[in-house]
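Colleague: following is a predicted model, sequence given first.
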Amino acid sequence: SQQGEEDPQALSIQEGENATMNCSYKTSINNLQWYRQNSGRGLVHLILIRSNEREKHSGRLRVTLDTSKKSSSLLITASRAADTASYFCATNQYNNNDMRFGAGTRLTVKP
Amino acid sequence: ETGVTQTPRHLVMGMTNKKSLKCEQHLGHNAMYWYKQSAKKPLELMFVYSLEERVENNSVPSRFSPECPNSSHLFLHLHTLQPEDSALYLCASSQEWGRHTGELFFGEGSRLTVL
């Protein structure tokens, strides 16, 4: 069954703007991860945040985690056309160690 | 190049055929996964192998049969599939499976079309 749910389903912005994507989940987690997928390709890992962490940065990416609300956000700053892709959150579930993915946010960055 | 190789990249098969998807990783990882990705649906976890033992089988129909002969190779055997099984099948690996499952490394996927 699906664990993470991303919103929005689709996001279109201009180059240089910031993009924020949200993920909500239902059960307790060990960690939460964000992935990127270009059309028809495999997923690429972006960042991992543990359940005892609240914020993490990697380059232009900033991830926050609020375990009390069971939610996470991914912020991409100063977006580029090359950031156009689908972004997925995945949760490592505490009860069974499954890695479950959401349906993703389709991000389009217009040049 | 993620270190996980899937073959074939594209496969077209009839409902009565038998075919196999292959996944290979040379990252020294202990866990391997099969996911199914259908249009506009979340990735569906199908099978997980940890140290060559199946640890997860998410109510997948028996027409999908996984095999993990060693820690570097994972197969998905397909037989008497249905058109709704058409999807992108993704293989992934991770250093370990469990509470400390970290980054998953994905292959490029095998695009399956069932006629």
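Modeller: Sure, I can see it.

Colleague: tally of neighbours for residue A:70?
Modeller: The burial count assigned to residue A:70 is 18, neighbours taken as other CB atoms under 10 Å in any protein chain shown. For the C-beta atoms, the positions are set from N, CA and C on the backbone; glycine is no exception.

Colleague: neighbours of the nearest residue to it once chain neighbours are set aside, how many?
Modeller: Computed as CB to CB, 6 or more residues apart in numbering or on different chains, the closest residue to residue A:70 that is not its neighbour in sequence is residue A:25, at 5.1 Å. Residue A:25 has 22 neighbours, counted by other CB under 10 Å.

Colleague: likewise residue A:79?
Modeller: Neighbour count of residue A:79, defined by other CB under 10 Å: 21.

Colleague: can you check residue A:43 too?
Modeller: Burial measure for residue A:43: 30 neighbouring residues, criterion other CB under 10 Å.

Colleague: that one and residue A:35 touch, don't they?
Modeller: Yes - between residue A:43 and residue A:35 there is a contact at 4.2 Å, judged by CB atoms under 8 Å.

Colleague: find residues that contact each of these two.
Modeller: Residues touching both residue A:43 and residue A:35 by CB atoms under 8 Å, 6 or more residues apart in numbering or on different chains: A:88, B:104, B:106.

Colleague: which of the residues you listed are buried? Put it as a ChimeraX command.
Modeller: The buried residues among these can be selected in ChimeraX (16 or more other CB atoms under 10 Å in any protein chain shown) with this line:
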select /A:88 /B:104,106
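
Colleague: so which of the shared contacts of residue A:43 and residue A:35 comes closest to residue B:19?
Modeller: The shortest approach to residue B:19 among the shared contacts of residue A:43 and residue A:35 belongs to residue B:106, at 20.9 Å (CB to CB).

Colleague: which residue packs closest to that closest one, ignoring adjacent ones?
Modeller: Counting by CB to CB, 6+ apart, the nearest residue to residue B:106 once its immediate chain neighbours are dropped is residue A:42, at 3.7 Å.

Colleague: how about residue B:89?
Modeller: Here the residue nearest residue B:89, using CB to CB, 6+ apart, is residue B:110, at 4.8 Å.
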